[in-house]
Structures are given as C-alpha cells and as structure tokens.
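J.: how would this look folded up:
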Amino acid sequence: MTTTIEPPVRVAAPFNPVPASGTRETPSGTRPHASATPADASGTHLEEPLTGTPDVSRKVKIALGIAAVIGGCVMGAIGFYLSFGNLSKAGHTVFGFSVDDGKFFAIGVDVAIITCLVLDLFMATIRTSWPLLRVLAHFMTVASVYFNAAAFGAIQDHVDKALSHGLMPVLFVIGVEAGRKILVHQAALPADHDTIPAHRWVLAGKTTWRIFKVMKTWDKPYSVVVDIERDRAIFDAWNEYKAELAKAKLQEGSEEALARLPKKLRPYGLTVDEALALPDRMAREELRRQQDKDKQNRLLQVERERAEHEAEKERLAHRKEMASLTADLSATEGVAGAQARGAVAEAEARADAQARAATSLTDAVESQEVAEAKQRAAEANARVLEADARAAEADAQKMAALAKTETDKAKAIEAVNRAAEAEAGVTEAKKRAAEARLQAAEITRRAVEAEDAANFTPRQRRVRVVARMILAKAPEDVSLDEIATAIGVTSGSTASTTKADAVALIEAGYDPARGFDPEAASRTEA
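T.: Purely as a prediction, here's the structure:
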C-alpha cells in the first residue's frame, strides 16, 4: 500500500464566538465556531498552547538531525550491501541471469528505488508532485523484498530467512519516507497537502469516496472539500434534529430539546458547548441569508425603477422629436405657399402687361374690344388680390405653426426637467431610507455584540429582539404573530410572555441606540 504523506499538523485555535455578521473563517480543518461559549469553556481553551511545536533547543534539534542522518546512511549502506549480494545471487541462481548480469540486476533494482524516491522529492520541491513515482518506488521495494527473500530458496520453506533478508529494504524505505515527511513539513510544500489520508478510507470509506469524487470532478483541494462536506453534514443533522423536535412536539430551545443536540452532533466532532451553541449559530446564519436576500431584492427594485426612468426619458425624447418633425413639416408647407404666391405674382405681371398693351391700342380698336380688354384687366386685378389674401393667410398659418413648435419645445424641456427633479427626489429618498436601514442594522449589530459579551441566555436574547421591535414601532403595533415569527416559537403564550418581558426591559432603560442594557452591567459584575 502506498504511504500517504499528510500535511503539516495544524493545531486548533482557541474556541471563539462567530462574528455577528455571519462571516465564515477560512477552512482549516478545525471545529466550527459557535456563536456563544460559556465563560469557563472559553477560559479552558485559552490556557492551551497556541502551537503544536515543543520548545526544543536548536542544539538538540541539530544533534538529533545529525544522528538521524548518520544512522540513515549507515542503515542504507548496510541495506544496499546486503541487498546487492542477495539480489546478485538470486539473479544468477533463481532468475537465470549470468554472474555478471546478476550484479547489474541487483544494481538496477536498488537504483530504481532510490531514483523514484529522489524524483518524487524533487518534484515535490518544485510543486509538481506525481504520485505515480511513489507508487512505483513502493512497488519496487516490495519486489526487492521478494527478490531478497527468494535468494536462499522457497519463501514458504524458509520463512525466517525470508523475513530477515527482506527487512533491510523495508527499513530503508521507511527511513526515506521519514525524511520526505520532514522535508514536506519544514518547507511547507503543498504537493501532498491535498492527498486524502489512508486511514480515512478505512474509517469512513463511503464519505471519503464522496469527497474524492468532488475533488476530482470539480478540481477542489481536500482541505476545502472536507470542510464543505462537514458543514453540509452538520446542516443535514440540524434539519433532522428540527424534524425530530416537531415529531416529539418539543419546543426548540427547551432544556429537553437542547439535551439531544450533543448526542446528535457527536459524529461530526463537535464539543458539548459547540453543539449547544448551534441553534444560535444557525439563527445568525439564517438572519444573514435573509439580509442578503433583502439586499438583493432592494438592488433588483432599484434596477427596475432605473429601467422605468430610462424608458420614460426615451418616451419624452421621442415626443420631442415628433414635435420637431411636425414643425419642420409646417415650415415646408409655408415654403410651398410662398412658391405659389410667386407664380401668382408672375401671372399678375403678365396680366398687367396685357392690360397696358390693350390700353395702348384703345384708339386703334373698336370700343367693344376696349371694353373687353378692360374687363379682362379687372378680372386679373381681382385674381391678384385674391392671391395676396391667400399668401397673407399662409403667412399667418406659418407664424402660428412656428409659435406652436416653440411652445411644444418649451413644454418638452420642462417635462424633462420635471422628470430629472423627480428622479433626484426618488434617489434622495432611497438614500435616506438606506441610511436609516444601515443605522438600524448597526444598532442591531452593536446590541448583538453586547449580548455576546454579556453571555446572555437564548431567552434573554429573544426578549431583546422583541424589545428592539417595540422600540422601532410601538407596543400596540407589534402583534404576537410577528413576535412568534421573529423569535422562532409557535406558542402564543411564549410570545406574550416575551413581549411583556421586553416592555419591562424597555421601562428599565434598555436603549440599544446608546448601547445601554440594564442587565449587561449586572452580569458583567457577577
């Protein structure tokens, strides 16, 4: 079996409460932090050493290292000497090599083991580990043990000789593996840090296979996947626990319900204090998820309103463009009218010329023809007057169209300005609302931190949650259903009692905005 090098030993940090914001620390393989811990438990953990390295002097370390190197070299030299002789003999007598070839066979087997191990160490130092090299080295070690044991006859007939001849190769490989582990630990090489420990396959084969599958499928390191699977297992156990409470008709947070938690969570490595603090931790995480959801909803609403404003601006711009096109059309019609008036004036000029010609011939033509010419001249003058009237009317229409166009433009500009002012007002209102929500969230965060520092019980925390709800509205505006939903209970009497306690706490001076809690000082003094 391949020996697995595990990452350097990581010592669990002291057990501290989870921050109120619900942030999660970097996965480290240690036990998850709970939201609150009894004072005596915290003190016990704080007395533990912060590091896992014994306080050994440098001289002792150097002396032990030199002794280990010398011992390893001696053991390796003896092992190679004995192995060379045994493998040379076995290669000649058992495997059919000649005397000279048997020596090369022995050298090849021993050098293959060393080369594979050295290559593995070299690739680990350059952070390109290849596990196949170690597998091959261990396979060659097993082969060397077999060859050494078979050098003096059948193994089953001489078990004692087989064990003694196969001992030195095994000891040599163990020494090399020990040196490799020291190198990996001292240099903090990440090459094998994400290898699944061999003992985990034996102790939890099913879950280990699931971790291995996730690692290889999604290319995630072992330390990250094991934390993910552990968190998922704790979450599933928590849901099963709540289902069991509902089936047993037990109220969450009661002593009988809390007594079940340590046993339920024991398979996941949680202490009694961590198990008892799990309800608060889950409540905080649920609150964080709800806050994130509300934030996303607010962002979506802002984006939706912004899109509506942009659409309204586009509609106003379209209307403005249509008004401009209408004005241009009216102007074009006015130009056409002017051209018509020019044609009429030209016709009038021709009529005047004809009238003057008729007048000059008055004496030469008969009186009847003169009368007819005068009549035609009068008709031409009438047409001229009529054309002038139409031109004046066209000019008046053009001026009215231009005036209407300017009015429409002014109205469009005014509408755009009103829309911009309305948008600015909405933005300012949203900003004030966001500041109010941030202020309320900050007050709640400081209150929760004060509750953590005062080590309040779950019931005291629920009373303060209701007190903050009452301070935000009024006692008569906060219903029992809202209180039951906020503190996670189903009993109306519990909600009523909690509300009464919250009112009494407010009357005693509780003010989360100023950070004053009448019970916090007394608990701190106690």
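J.: Which parts of the stretch 401-526 of the chain are helices?
T.: With helices called from DSSP state H, counting those that start in this stretch, the stretch 401-526 of the chain shows them at 458-472, 480-487, 492-507, 518-525.
J.: Sort out which residues of the first one are buried, please.
T.: Going back to what we said before, that points to helix 458-472. Applying a neighbour-count criterion of 16 or more other CB atoms under 10 Å, one finds 458, 460-471 buried in helix 458-472. Glycine gets a C-beta too; all of them are placed from N, C-alpha and C.
J.: could I get those as a markdown table with distance to Arg58 and pLDDT?
T.: Written out in a markdown table, the entries for the buried residues of helix 458-472 read as follows (distance: CB to CB, whole Å; pLDDT from 0 to 100):
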| residue | distance to Arg58 | pLDDT |
| --- | --- | --- |
| Pro458 | 51 | 84 |
| Gln460 | 52 | 82 |
| Arg461 | 51 | 83 |
| Arg462 | 56 | 83 |
| Val463 | 57 | 85 |
| Arg464 | 54 | 84 |
| Val465 | 56 | 86 |
| Val466 | 60 | 86 |
| Ala467 | 59 | 84 |
| Arg468 | 57 | 84 |
| Met469 | 61 | 84 |
| Ile470 | 64 | 84 |
| Leu471 | 61 | 81 |
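J.: Let's have these in TSV, adding distance to Ala331.
T.: Conversion of the buried residues of helix 458-472 to TSV gives the following (distance: CB to CB, whole Å):
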residue	distance to Ala331
Pro458	80
Gln460	80
Arg461	76
Arg462	76
Val463	77
Arg464	74
Val465	71
Val466	72
Ala467	72
Arg468	68
Met469	67
Ile470	69
Leu471	67
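J.: wait, which of those residues is closest to Asp100?
T.: Each of the buried residues of helix 458-472 was checked against Asp100 using CB to CB; the closest is Pro458, at 83.1 Å.
J.: and that closest one, what is it in contact with?
T.: By CB atoms under 8 Å, 6 or more residues apart in numbering, the contact set of Pro458 is Gly253, Pro279, Asp280.
J.: pLDDT-wise, which helix or strand of this structure ranks last?
T.: Comparing every helix and strand of the chain by mean pLDDT, DSSP states H and E singles out helix 39-46 as the least confident one, with a mean of 39.
J.: elements contacting the next helix or strand after that one?
T.: Scanning forward in sequence from helix 39-46 by DSSP states H and E, the next helix or strand is helix 58-93. Other helices and strands packing on helix 58-93, by 3 or more CB pairs under 8 Å, 6 or more residues apart in numbering; DSSP states H and E, are helix 99-125, helix 131-149, helix 159-187.
J.: Quick one: residues contacting Ala323.
T.: By CB under 8 Å, 6+ apart, Ala323 lies in contact with Thr405, Asp408, Lys409, Ala412.
J.: Would you mind confirming that the last one is in contact with Arg319?
T.: By that I understand Ala412. Yes: counting by CB atoms under 8 Å, Arg319 is a contact partner of Ala412 at 6.3 Å.
J.: OK, contacts around Ala495?
T.: The neighbours of Ala495, taking CB under 8 Å, 6+ apart as the test, are Leu480, Asp481, Ile483, Ala484, Ile487, Val489.
J.: Ala513 touches Glu442, doesn't it?
T.: No: using CB under 8 Å, Ala513 is not in contact with Glu442; the gap is 9.4 Å.
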